[in-house]
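Student: okay, predicted coordinates and the sequence, questions at the end:
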Amino acid sequence: MNTTRSRVLAATAGSLVGGATFVWLVADVALASTIALAWAVGVRLTFRYRWLLSMRGETRRASVWSGAFAALVTLGAFFGVGPSLPLSAELRLALGLLVVGVGYASMTLGVAMTTVRADASRESWETTETESS
């Protein structure tokens with residue numbers, strides 16, 4: 001997928017989630033904008049690193065970390081912002097969308113940071129090898 005198309009799709013996805021939050025859940029611009037940004041970043045980076053994100057955990061250890069991430073985000077979204085809080089159902093759902101969106105964006109940002117770091121290390125190593133030859 002080309003860069004322009006993935007940016008447009010990411011902006012559209014973020015706008016839809018943020019706009020729906022504003023219209024149907026909580027009419028708060030800051031909350032809806034933050035949700036929109038988190039989801040747009042997550043979707044954009046998913047398109048950019050889809051080749052890496054689509055890889056199955058080749059080891060049990062990788063699967064455990066992936067499961068731990070999903071469990072933590074789910075726990076925060078559904079139980080951390082749970083029915084025991086004195087909040088309206090709409091606000092609880094909006095906060096759940098925020099937690100999931102921030103978790104999603106954080107995961108994809110982590111993948112991006114690790115990938116860029118690995119590429120920089122590889123380039124540094126290749127430069128060192130070339131200079132020493």
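Tutor: Sure thing, it's come through.
Student: quick one: the helix or strand of the chain with the lowest mean pLDDT to chain centroid distance?
Tutor: Across the helices and strands of the chain, mean confidence by mean pLDDT, DSSP states H and E is lowest for helix 50-53: a mean of 76. Between the centre of helix 50-53 and the centre of its host chain there is 13 Å, according to CA atoms, centre = their mean, to the nearest Å.
Student: that one packs against which elements?
Tutor: Judged by 3 or more CB pairs under 8 Å, 6 or more residues apart in numbering; DSSP states H and E, helix 50-53 is in contact with helix 89-132. C-beta here means a position set from N, CA and C on the backbone, and glycine is covered the same way.
Student: how far is the helix it packs on from where the chain is centred?
Tutor: On the basis of CA atoms, centre = their mean, helix 89-132 sits 9 Å off its chain's mean C-alpha point.
Student: just give the nearest non-adjacent residue to Val26, would you?
Tutor: Closest residue in space to Val26, ignoring its immediate chain neighbours: Ala94 at 4.6 Å, by CB to CB, 6 or more residues apart in numbering.
Student: residues near that neighbour, how many?
Tutor: With neighbours defined by other CB atoms under 10 Å, the count for Ala94 comes to 23.
Student: pLDDT weak spots in this structure?
Tutor: The chain contains residues with pLDDT under 70 at 53-62, 124-126, 128-133.
Student: the residue most central in space within the chain and Gly82: what is the separation?
Tutor: Centroid-nearest residue in the chain: Ala105, 2.0 Å away (criterion: CA atoms, centre = their mean). Distance, Ala105 to Gly82, by CB to CB, to the nearest Å: 22 Å.
Student: do Arg117 as well
Tutor: From Arg117 across to Gly82, the span is 37 Å (CB to CB).
Student: list phi and psi for Gly82.
Tutor: Note on Gly82: backbone dihedrals following degrees, to the nearest 10 are phi -90, psi -180.
Student: give the contact list for it.
Tutor: Arg92 (CB atoms under 8 Å, 6 or more residues apart in numbering).
Student: from Thr74, how far off is it?
Tutor: Using CB to CB, Gly82 is found at 12 Å from Thr74.
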